[in-house]
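A.B. asks: Curious how this folds, go ahead:
(one chain, ligands or ions: 3)
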Amino acid sequence: MSNTVVMGAQWGDEGKGKIVDLLTERADVIVRFQGGNNAGHTLVVQGRKLILHLIPSGILHSGKICCIGNGVVLDPEVFLKEIDTLVEKGVDASPERLKIAKRAHVIMPYHRRLDVARETAKDAGKIGTTGRGIGPCYEDKASRIGIRASDLLDEKLLRAKIEAALLEKNALFGLYGQPVMCVEEVMAWALPLCGRIKEYIQDVPAVIENAMSGGRPVLFEGAQGTHLDIDHGTYPFVTSSNTVAGNAAAGAGCAPNKLDAIVTVVKAYTTRVGSGPFPTELSDKTGDFLVEQGAEFGATTGRRRRCGWLDIVILRESGRLNGPTGIALTKLDVLTGLEELKICTAYELDGKRLDYPPQEQDALCRVTPVYETVPGWTEDITAATSFDQLPANCRAYVARIEELLGVPASIVSVGPGREQTIIRA
Ligand code: GDP
Ligand code: IMO
Ligand code: MG
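C.D. replies: Numbers count the residues shown, from 1 in each chain. Ligands and ions are numbered 1, 2, ... in the order given. Below is the predicted model of the structure:
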């Protein structure tokens, strides 16, 4: 396998974790390049489910190296808890195979408090964040007052940086009626974590370079999805990082010409958690059917995911932004039993037909989807191991998606398990 980016084409939760776990067999190093523990990536191996928020989804494969890149925001408390869970399950999560980039930014308790306080204070216009401190941590990075993983190794520097950050944060806490935080309180939280985490903080760009120069493939694991991207997503209802494939190189610490393949993960219908426009959303029986059949509850916050028909317009935009060499089409089995399926192929807005989403804020709330209707299927497909075993209508649905997007569905997923996957290329 070549160096491959796996990332989401919609609004997250497309099944990236499963696809990364699967493709890890063909890679040597797996790197997360953006986001933080707002992500919830689910792996189901031999019927056992594991949800990872921060550690790359390749960790279950022994002998592979997993890295958290500089583009990630890392909550050290969550990281160490995730390690404990893995070790309990007998997984090797030692610093020999799990590494944090020195330049990754650290989520501090004041980031979490600010995230929650802001959301609580809003009446209308709530983003519906995961409350994990993601936005405030990226804000500090851009404001150049952030704390980076390597700062955790220097107590004097850490204290000075926390003191500087708290100056502004405490003023904001006053605004939101929150108690202030003092340096000692934050240091008391940080110091025990620093002791445990220090061995993990390493030179990740060097690990990636060594692998690549030795011809050992690297897999880049995206979090969230293209339409949650801070620039290209449904702003302001987005996350705070660039989720598009182009950020894989910058967020991991390697040259962009080293990325050979881009696999965008596409759910066979559409879901979204949190607020924001969603043109093909179904607030009816079919929407409930998708929630139930697809077990569409958030892997991080447990929130019920909003569900709707497949939206080719947003996927067309994902194609233009990410340049997929293939798509991994997931959760096809969830559609089994629906008499008819709708595919949104364009929008109408103010009497005009649009092939791409409008870029003005709020315009996406006003579009009307243009649908084509295709027949569904009733046969159980969860045991299919080859494309030919799928019912004709199911194959036709996949073929129509490929035709509309101009990209092959090189992986088709028919269930949550590792083995419930049809690999076509
Ligand atoms: P991620 O954030 O993109 O990794 O996706 P999540 O893990 O948040 O959500 C995807 C959910 O769908 C998880 O519960 C997976 O176990 C499950 N899943 C993945 N692929 C399939 C599939 O093909 N069929 C079904 N029924 N479930 C799947
Ligand atoms: P994975 O990697 C789905 C959404 C939140 C909210 C918005 C901003 O599992 O696909 P944030 O906490 O990032 O500031 O919240 O982004 N969101 C996700 N939705 N899957 C995710 O990750 C998400 N990570 C963030 O619900 O609407
Ligand atoms: Mg998820």
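A.B. asks: roughly how far is the single longest helix found in the chain from the heart of the chain?
C.D. replies: For the chain, the helix with the greatest residue count under DSSP state H is helix 155-175. Offset of helix 155-175 from its chain centre (Cα atoms, centre = their mean, to the nearest Å): 29 Å.
A.B. asks: And for stretch 389-406?
C.D. replies: Centre to centre, stretch against its chain (Cα atoms, centre = their mean), the figure for stretch 389-406 is 25 Å.
A.B. asks: Please see if it touches ligand 1.
C.D. replies: No - counting by Cβ under 6 Å from any ligand atom, ligand 1 has no neighbours in stretch 389-406; the shortest distance is 12.5 Å. Every C-beta, even on glycine, is put in place using the N, C-alpha and C of the backbone.
A.B. asks: Kindly report the same for stretch 299-308.
C.D. replies: Yes - interface with ligand 1: stretch 299-308 contributes residue 299 (Cβ under 6 Å from any ligand atom).
A.B. asks: tell me what the longest helix of the chain is packed against?
C.D. replies: helix 109-121, helix 183-197 (3 or more Cβ pairs under 8 Å, 6 or more residues apart in numbering; DSSP states H and E).
A.B. asks: what's the most buried one of those helices?
C.D. replies: Burial of these is given as mean neighbour count (mean count of other Cβ atoms under 10 Å); helix 109-121 ranks first at a mean of 19.
A.B. asks: ok, and what's touching that helix?
C.D. replies: 75, 126-129, 131-137, 140, 165-166, 169, 172-173, 176-178, 181, 186, 189 (Cβ atoms under 8 Å, 6 or more residues apart in numbering).
A.B. asks: need the next SSE after it, C-terminal direction.
C.D. replies: Downstream of helix 109-121, the first helix or strand assigned by DSSP states H and E is helix 134-143.
A.B. asks: partners of the lengthiest strand in the chain, with directions?
C.D. replies: In the chain, taking DSSP state E as the definition, the longest strand is strand 340-349. Using DSSP bridges, strand 340-349 pairs in its sheet with strand 310-311 (parallel), strand 352-354 (antiparallel), strand 368-375 (antiparallel).
A.B. asks: Identify the bridge partners of residue 29.
C.D. replies: Listed by DSSP bridges, the beta-bridge partners for residue 29 are residue 65, residue 218.
A.B. asks: Run a quick neighbour tally on it.
C.D. replies: When neighbours are counted by other Cβ atoms under 10 Å, residue 29 registers 26.
A.B. asks: Settle this for me: it is touching residue 61, isn't it.
C.D. replies: No - taking contacts as Cβ atoms under 8 Å, residue 29 lies outside contact range of residue 61: 11.3 Å.
A.B. asks: got a pLDDT number for residue 125?
C.D. replies: Note for residue 125: predicted pLDDT of 84.
A.B. asks: At the contact with ligand 3, which residues of this protein appear?
C.D. replies: 13, 40, 299 (Cβ under 5 Å from the ion).
A.B. asks: What about those residues, which are in helices?
C.D. replies: Among the residues of the chain next to ligand 3, no member falls in helices (DSSP H).
A.B. asks: Can you pull the phi/psi pair for residue 309?
C.D. replies: Torsion angles at residue 309 (phi, psi; degrees, to the nearest 10) stand at phi -70, psi 160.
A.B. asks: Now do the same contact list for it.
C.D. replies: 269, 270, 280, 282, 341, 342, 343, 344, 369, 371.
A.B. asks: ok, now which ones touch the third one?
C.D. replies: Residues touching residue 280, when contacts are defined by Cβ under 8 Å, 6+ apart, comprise 270, 308, 309, 310, 311, 342, 344, 369.
A.B. asks: Let me see the confidence value for it.
C.D. replies: 98.
A.B. asks: quick one, phi psi at it?
C.D. replies: phi -100, psi 20.
A.B. asks: can you check the fourth one too?
C.D. replies: Note on residue 282: its backbone torsions stand at phi -110, psi 110 [degrees, to the nearest 10].
A.B. asks: any idea how far it is from ligand 2?
C.D. replies: Separation of residue 282 from ligand 2 (Cβ to the nearest ligand atom, to the nearest Å) stands at 18 Å.
A.B. asks: any idea how this protein splits into domains?
C.D. replies: Following the assignment in automatic domain parsing, the chain carries domains at 4-101+200-262, 105-197, 266-423.
A.B. asks: Please identify the most buried of these.
C.D. replies: domain 4-101+200-262 comes out most buried of the domains of the chain by mean count of other Cβ under 10 Å, with a mean of 21.
A.B. asks: does ligand 1 sit close to that domain?
C.D. replies: Yes - Domain 4-101+200-262 is in contact with ligand 1 by Cβ under 6 Å from any ligand atom, via 8, 12-18, 39-42, 44.
A.B. asks: Which ones among those lie within strands?
C.D. replies: Per DSSP E, the residues of domain 4-101+200-262 next to ligand 1 map to strands at 8, 41, 42, 44.
A.B. asks: Widest-spaced pair of these?
C.D. replies: Greatest spatial distance in those: 8 and 44, 18.1 Å, computed using Cβ to Cβ.
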